[in-house]
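Asker: Based on what follows, work out the 3D shape:
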Amino acid sequence: MKFLFIHQNFPGQFKHLAPALAAQGHEVVGLAVNQPAVPTPGVKVLRHNPQPPEGAQHIPKFLQEIDTKLVRGVSVQKALLELKAQGFVPDLVYAHSGWGETFFVNDVYPGVPMIVYAEYFFSPEGGDVNFDPEFGRSDNASLLEMKNLNLMHGLVRAVKGVSPTKFQRDRHPPLLRERIEVIHDGIETPRFKPSATTTITLQKAQRSFAPGDEVVTFTVRQLEPYRGYHSFMRALPELMELRPNAHVIIAGGDDTSYGAKPPPGTTWKEVFLQQVGPRIDLSRLHYVGRVPHQVLTQLMQVSAVHVYLTYPFVLSWSMLEAMSCGCLIVGSRTAPVEEVIQHERNGLLVDFFDPSAIAKTVADALQRRKDLQPLRDAARRYVVENLDLQTICLPQQLELVLGTAKRA
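Answerer: Numbers count the residues shown, from 1 in each chain. The predicted model follows:
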């Protein structure tokens, strides 16, 4: 059979599924905007190039939101017409609908079933919008409607949607929610596993760390409020006072992926470091920037406590990978985290907005490391039993796409 995957950052969430289909002998094509960041064996990857029309900057902001997505939809339509002219007609299309790529897929391939990856639906309450009062409140319902328009259209035109967590599925309105299955992308548990022999060396600090050292880790894509960087930094003065031998390692970039931008000419990293800098021991705070995935795994394997904080938003792979590595997780008591972490069973939960509680909980976890080993064991067990890529998630993904294609 023939499969077409569409994702602006292909392979994205399809990084295991697309090559697995190719390995079974199916013809697999990926369509992307950006150059694939990871290899996709057996998959032919094509790129399209959305071009905004002249004068787009003069369109009102809430209309710009949908205009950019329609431009992407047209760009995909053009690419698919070229594919069709070459004789490629897929048995199934699997697309991420978040950026508008799905708008005109059915027009090019009528009758071909489409599955959409339903990652997140926006609402003024219960999610990321208006969660953090420090960064203002948005009452712009029109903007949120425009953010959701392509998501609703994609699910209506699709035969099925897929969300990786129940929280993300349940963000959608009830009529659309009924079309969405919960199948996680999957965690490579043999790769992300505990290790008693791992060591990691920080060249700048000229320090090496190993399991058993008092290391607190905080790893995110970008150091920004959406992932609780500000709450974590504000916890450090009290944490370092309570644990004078603890070292804190922070991995993440200086850009902003989500939410409010920092003041011009600065970064969120700098803003919150300046807030607490005079009150912490900077020799015990280590920024390592964005590092290769292998290094992140090593950080998790030497971590005594791993802190994961997030707005009610998309759950990061990093937290689940940390659990798979047997980390002791101190996580925010927010919906996506609570779906996975049960307090004092496979991790510890804290108030996202309470730096003192974060500090005390981490310090207590460091003090009681041996007593809390069952939580680390339970964290890994949860991922192995529920989210393992090869035994659970990938088989579910394959069953869905192959079954949907055969029924068409």
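Asker: And the helices in the stretch 101-250 of the chain, which stretches?
Answerer: Taking DSSP state H, counting those that start in this stretch as the criterion, the stretch 101-250 of the chain carries its helices at 105-108, 141-157, 166-170, 174-177, 229-242.
Asker: can you tell me which of the ones you listed the model trusts least?
Answerer: Across the helices of the stretch 101-250 of the chain, helix 141-157 has the smallest mean pLDDT, namely a mean of 90.
Asker: Could you pull up the contacting residues of residue 310?
Answerer: Going by C-beta atoms under 8 Å, 6 or more residues apart in numbering, residue 310 touches 226-228, 316, 332, 334, 336-337, 352. In this view, the C-beta of every residue, glycine as well, is placed from N, C-alpha and C.
Asker: Look up how far residue 113 lies from residue 46.
Answerer: Applying C-beta to C-beta, to the nearest Å, the value for residue 46 to residue 113 is 21 Å.
Asker: neighbour count winner among the two?
Answerer: Between residue 46 and residue 113, counting by other C-beta atoms under 10 Å, residue 113 is the more crowded of the two (19 against 16).
Asker: Check that one and give its pLDDT.
Answerer: For residue 113, pLDDT reads 98.
Asker: Please apply the same query to the one 4 residues further on.
Answerer: The model reports residue 117 with a pLDDT of 98.
Asker: Then residue 16?
Answerer: So, for residue 16, pLDDT stands at 97.
Asker: For it, the count of nearby residues, please.
Answerer: Around residue 16 there are 19 residues (other C-beta under 10 Å).
Asker: can you check the one 3 residues further on too?
Answerer: Residue 19: 19 surrounding residues under other C-beta under 10 Å.
Asker: what separates the host helix or strand of it from the chain centre, distance-wise?
Answerer: Per DSSP states H and E, residue 19 falls inside helix 17-23. Computed by C-alpha atoms, centre = their mean, to the nearest Å, the chain-centroid distance of helix 17-23 equals 22 Å.
Asker: in that helix, what's buried?
Answerer: 17-22 (16 or more other C-beta atoms under 10 Å).
Asker: can you list these in TSV and add distance to residue 287?
Answerer: Shown next, in TSV, are the buried residues of helix 17-23 (distance: C-beta to C-beta, whole Å):
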residue	distance to residue 287
17	35
18	34
19	34
20	37
21	40
22	39
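Asker: Out of these, flag the one nearest to residue 71.
Answerer: Comparing the buried residues of helix 17-23 against residue 71 with C-beta to C-beta places residue 18 closest, at 25.0 Å.
Asker: hang on, isn't the closest one packed against residue 5?
Answerer: Yes: contact criterion C-beta atoms under 8 Å: residue 18 and residue 5 qualify, at 5.2 Å.
Asker: Need the overlap of contacts for these two.
Answerer: Residues touching both residue 18 and residue 5 (C-beta under 8 Å, 6+ apart): 11, 28, 30, 43.
Asker: Pretty sure the third one sits against residue 48.
Answerer: Meaning residue 30. No: in terms of C-beta under 8 Å, residue 30 does not count as a neighbour of residue 48; the distance is 11.2 Å.
Asker: Show me which of those two is the more surrounded one.
Answerer: residue 30 (24 against 20).
Asker: Out of the buried residues of helix 17-23, which comes closest to residue 76?
Answerer: Using C-beta to C-beta, those come closest to residue 76 at residue 18, 16.8 Å.
Asker: Pull up the gap between that closest one and residue 187, please.
Answerer: Residue 18 is 18 Å from residue 187, where distance means C-beta to C-beta.
Asker: next one: residue 30
Answerer: For residue 30, the distance to residue 187 - C-beta to C-beta - is 22 Å.
Asker: ok, now residue 216?
Answerer: To residue 187, residue 216 is 22 Å away according to C-beta to C-beta.
Asker: quick one on the thing from earlier: between which two of the contacts of residue 310 is the distance greatest?
Answerer: Distances among the contacts of residue 310 were taken as C-beta to C-beta; the most separated pair is 316 and 352, at 14.3 Å.
Asker: quick one, which of the two is more surrounded?
Answerer: residue 352 (22 against 17).
Asker: What count of nearby residues applies to the closest residue in space to residue 288 that isn't next to it in sequence?
Answerer: Computed as C-beta to C-beta, 6 or more residues apart in numbering, the closest residue to residue 288 that is not its neighbour in sequence is residue 251, at 5.0 Å. Neighbours of residue 251 under the rule other C-beta under 10 Å: 21.
Asker: swap in the one 4 residues further on?
Answerer: By other C-beta under 10 Å, 15 other residues sit near residue 255.
Asker: Check residue 38 too.
Answerer: Neighbours of residue 38 under the rule other C-beta under 10 Å: 11.
Asker: May I have the predicted confidence score for it?
Answerer: 82.
Asker: that's a helix at it, yeah?
Answerer: No: inclusion of residue 38 in a helix is not indicated when DSSP: H, G, I helix; E, B strand; the rest coil is applied; the result is coil.
Asker: Redo the helices of the stretch 101-250 of the chain as CSV? Include mean neighbour count and distance to residue 401.
Answerer: Output for the helices of the stretch 101-250 of the chain, formatted as CSV (neighbours: other C-beta atoms under 10 Å; distance: least, C-beta to C-beta, whole Å):
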stretch, mean neighbour count, distance to residue 401
helix 105-108, 18, 15
helix 141-157, 18, 16
helix 166-170, 19, 18
helix 174-177, 13, 20
helix 229-242, 22, 37
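Asker: Please convert those to a markdown table, extending it with distance to residue 395.
Answerer: Output for the helices of the stretch 101-250 of the chain, formatted as a markdown table (distance: least, C-beta to C-beta, whole Å):
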| stretch | distance to residue 395 |
| --- | --- |
| helix 105-108 | 26 |
| helix 141-157 | 24 |
| helix 166-170 | 19 |
| helix 174-177 | 24 |
| helix 229-242 | 36 |
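Asker: So for residue 127, which of the ones you listed sits nearest?
Answerer: Evaluated over the helices of the stretch 101-250 of the chain, closeness to residue 127 peaks at helix 166-170, with 9.0 Å, by C-beta to C-beta.
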